[in-house]
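J.: Return atomic coordinates for the entry below.
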Amino acid sequence: MPAITASMVAELRAKTDAPMMECKKALTEADGDLAKAEEILRVKLGNKASKAASRVTAEGIVAAYIDGSTGALIELNCETDFVSKNDDFLAFGKTLAEMIAKQNPADVAALSALELNGTTVEATRSTLIGKIGENMAIRRFKRFSGDSKLVSYLHGTRIGVMVEYTGDDVAAKDVAMHVAAMKPVSLSSDQVPADLIEKERSIAQQKAAESGKPADIVAKMVEGSVQKYLKEVSLFNQPFVKNDKQTVEQMLKAANTTVKGFTLFVVGEGIEKKQDDFAAEVAAQVAAAKGQ
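T.: Numbers count the residues shown, from 1 in each chain. You can find the predicted model right below:
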């Protein structure tokens, strides 16, 4: 068998982007045949991606891209916070945000089918899973286009906001930062989703019922709680984080600025994380060993 040289490993790594040790193993298995080794790696990396597919991805990043009045916000997930700091993972997220803005895919499936560096987004994702060894998922994205100006704010890589507006750029940026901090669910109280209102109403009814007060008083307590909630979660009614003496709506009016919409992504929001029970895992391994 021919000697596996460092230059051979480097050449295979350049072609496949696989870890160096994987490249060396593939070349050894292929008796130094570069083409065969590349094929072996493609299979192995694909297998790794398949095995990882069932693992929960509740960590990750939010990436943003803006070009004039066109932009995109995307959440790309992985399994651990460590991988969310990986340069290749971060670059993949930024690339996807730009692709969404420029190519306007209808959904995640359409985005995954787009061409990227001579292959597809999905194939690139699969290769990255094989290289890094963790499952990854494109969870969601939002594309923006129209006559409004756009501004984004990223709090690290875990919280991302895009704001559509007309008027003052500084005021709009302040709103984006405010959204990241206060996490409103709508622009105004009349836009709060009905399911959230009903959930809050149910909680308020249970609390008010425990007071033992007459039904008419209970009804007023419930309505008061709901109205308070609507003000707390609607952007325009919230006290502005930089000056709580005025609401966001008042700040915008003073700055002659109109916010037409916003999107907030928080990494892993709503995803149930797997809770590892280390003691149970060890016990299971011991039991399995005894049964052998």
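J.: give me every residue that touches the closest residue to residue 93 other than its chain neighbours.
T.: In space, and not counting its chain neighbours, residue 93 is closest to residue 63: 3.8 Å by Cβ to Cβ, 6 or more residues apart in numbering. (Glycine included, C-beta is placed from N, CA and C.) Residue 63 is in contact with 73, 74, 76, 90, 93, 94, 96, 97, 154, 157, 160, counting by Cβ atoms under 8 Å, 6 or more residues apart in numbering.
J.: Mind checking which of these land in helices?
T.: 90, 93, 94, 96, 97 (DSSP state H).
J.: Quick check: residue 75 touching residue 64?
T.: No - in this structure, residue 75 is not within contact of residue 64 by Cβ atoms under 8 Å, at 10.7 Å.
J.: Overlap of the contact sets of these two?
T.: In contact with both residue 75 and residue 64: residue 160, using Cβ under 8 Å, 6+ apart.
J.: Generate a PyMOL selection restricted to the buried subset of the ones in helices among the contacts of residue 63.
T.: Per 16 or more other Cβ atoms under 10 Å, the buried members of those correspond to this PyMOL selection:
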select buried, resi 90+93+96+97
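J.: Reformat the ones in helices among the contacts of residue 63 as TSV; add pLDDT and distance to residue 183.
T.: Below are the ones in helices among the contacts of residue 63 laid out as TSV (pLDDT from 0 to 100; distance: Cβ to Cβ, whole Å):
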residue	pLDDT	distance to residue 183
90	96	24
93	97	21
94	97	24
96	98	24
97	98	21
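J.: Now flag whichever of the ones in helices among the contacts of residue 63 is closest to residue 107.
T.: residue 96 (13.1 Å; Cβ to Cβ).
J.: Look up how far residue 116 lies from that closest one.
T.: 9 Å (Cβ to Cβ, to the nearest Å).
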